[in-house]
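1. Return atomic coordinates for the entry below.
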Amino acid sequence: MKSTSILSLVVTVAVPHVSTAFTATRTPIHRCPENARIQSTQLDLFGNAFKNDDSLGKPQNAGLTNGPKINEVTINGKPAKAVAGQKVSKVLASARVKMTYSCQKGNCGTCEMLMNGRVEKACLAKIPQGKCNIQTY
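-> Sure, this is the predicted structure:
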């Protein structure tokens, strides 16, 4: 028995007074010729939609226009750099000062230290504006 590559399907729909026949055929897939392929991967779907508007002027630094305000911080007598509002735990880590933390929520008190003469918890405290003196235990 010989197999064919064309499959025919005939469906007849019976409607009162009307009869319609649908035929679906499957043909072999033909390969696309080389010259019909897309040569470029560039998509120009949006055109100039995301191009900067010249009337806006020179683009500015979004965020810290004047740069971060660096405070003078001393940790155990050694100078360090910190930004006002930065977490003390991050400043201690960047200055390579060892501090023990347990809960990281301020409940246990293992990270207590002196900041400007007051007892603070390093996991919750933030660097104040101006000079700051930190003493760890």
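
2. pretty sure Leu114 is touching Gln135, no?
-> Yes: if you go by CB atoms under 8 Å, Leu114 and Gln135 touch, sitting 4.1 Å apart. The C-beta positions use only the backbone N, C-alpha and C, and glycine is treated the same way.

3. which ones are touching Lys105?
-> Contact partners of Lys105, counting by CB atoms under 8 Å, 6 or more residues apart in numbering, are 123-124.

4. any idea what Asn71 is structurally, helix, strand or coil?
-> Following DSSP: H, G, I helix; E, B strand; the rest coil, the label given to Asn71 is strand.

5. quick one: it and Ser89, what's the gap?
-> From Asn71 across to Ser89, the span is 16 Å (CB to CB, to the nearest Å).

6. can you list the weak-confidence ranges in the protein?
-> 1-47, 50, 52-53, 56, 59-65 (pLDDT under 70).

7. Tell me where it has helices.
-> Assigned by DSSP state H, the helices in the chain fall at 88-94.

8. for it, what spans make up the strands?
-> Ranges of strands in the chain, per DSSP state E, are 7-15, 18-26, 70-75, 78-83, 112-115, 118-121, 132-136.

9. Tell me if I'm right that Ala116 and Gln129 touch.
-> Not quite, residue 116 is Asn, not Ala. No: using CB under 8 Å, Asn116 is not in contact with Gln129; the gap is 11.6 Å.

10. and Ile70, how many neighbours?
-> Counted by other CB atoms under 10 Å, the residues lying close to Ile70 total 11.

11. Show me what it is bridged to.
-> Note on Ile70: beta-bridge partners by DSSP bridges are Val83.

12. need the contact list for it.
-> Ile70 neighbours (CB under 8 Å, 6+ apart): 81-83.
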